[in-house]
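>>> When you get a sec, could you give me coordinates for this:
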Amino acid sequence: MSLSMYQASVPVFIRMLGHLSGILDKAAAHAEAKKINPTVFMNARLAPDMLPFTFQVQVACDSAKGCAARLAGIEVPSHPDTESSFPELKARIEKTLAFLKTVDAAQVDGSEDRKITLKVGGRELQFVGQSLLLHFALPNFYFHLTTAYAILRHNGVDIGKQDFIGQL
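Residues are numbered from 1 along each chain as shown. Here you go, the predicted model:
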């Protein structure tokens, strides 16, 4: 049995964003238990020249919804980057999950060769669907998920590999 474009995208995004939401719960509980102002986590970075935790969560969500929408040939929902707390970040994840659940396999399957133009940093990048998914969207999605995880772990939140990948 072959793997469809839908199977390689939307369910993956849904599963991993669910894990990210659970990680945020653990981070919020850690902040409360240790009496750490949650803003510390919101602004945390792994290096001075990288963007903060909130940005990592926002872009993980944006990568998922943007990829799914582009593969489905529908408009990408816009979510302003205004989150500054764990509840607000969780709400963004929930909005993203709600959108992803509206995208069905019939919309995405067959998008392997769909021409897609993506504007990134003032440039236009040209893709076909399969290349967008495998060589841009999934790596970008996992990069920001991993970075968000690493920022929290680096700051003492008791999370591990199982929190990231979930139960198999």
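
>>> in the chain, what secondary structure element scores lowest on mean pLDDT?
strand 115-120 (a mean of 92; mean pLDDT, DSSP states H and E).

>>> which helices and strands does that strand pack with?
Counting contacts by 3 or more C-beta pairs under 8 Å, 6 or more residues apart in numbering; DSSP states H and E, strand 115-120 packs against helix 53-72, strand 123-128. Bear in mind the C-beta positions are built from the backbone N, C-alpha and C, glycine included.

>>> tell me how far the next helix or strand after the last one is from the chain's mean position?
What that stands for is strand 123-128. Later in the chain than strand 123-128, the nearest helix or strand by DSSP states H and E is helix 129-131. Chain-centre distance of helix 129-131: 18 Å, with C-alpha atoms, centre = their mean, to the nearest Å.

>>> now the angle from the helix or strand following helix 129-131 to strand 115-120?
Per DSSP H and E, the first helix or strand lying C-terminal to helix 129-131 is helix 138-154. Taking axes from the mean of the first three to the mean of the last three C-alpha atoms, to 10 degrees, helix 138-154 and strand 115-120 form an angle of 40 degrees between their directions.

>>> what's the angle from helix 138-154 to helix 53-72?
Going by the same axes, to 10 degrees, helix 138-154 makes 160 degrees with helix 53-72.

>>> average pLDDT for helix 138-154?
The pLDDT scores in helix 138-154 average 98.
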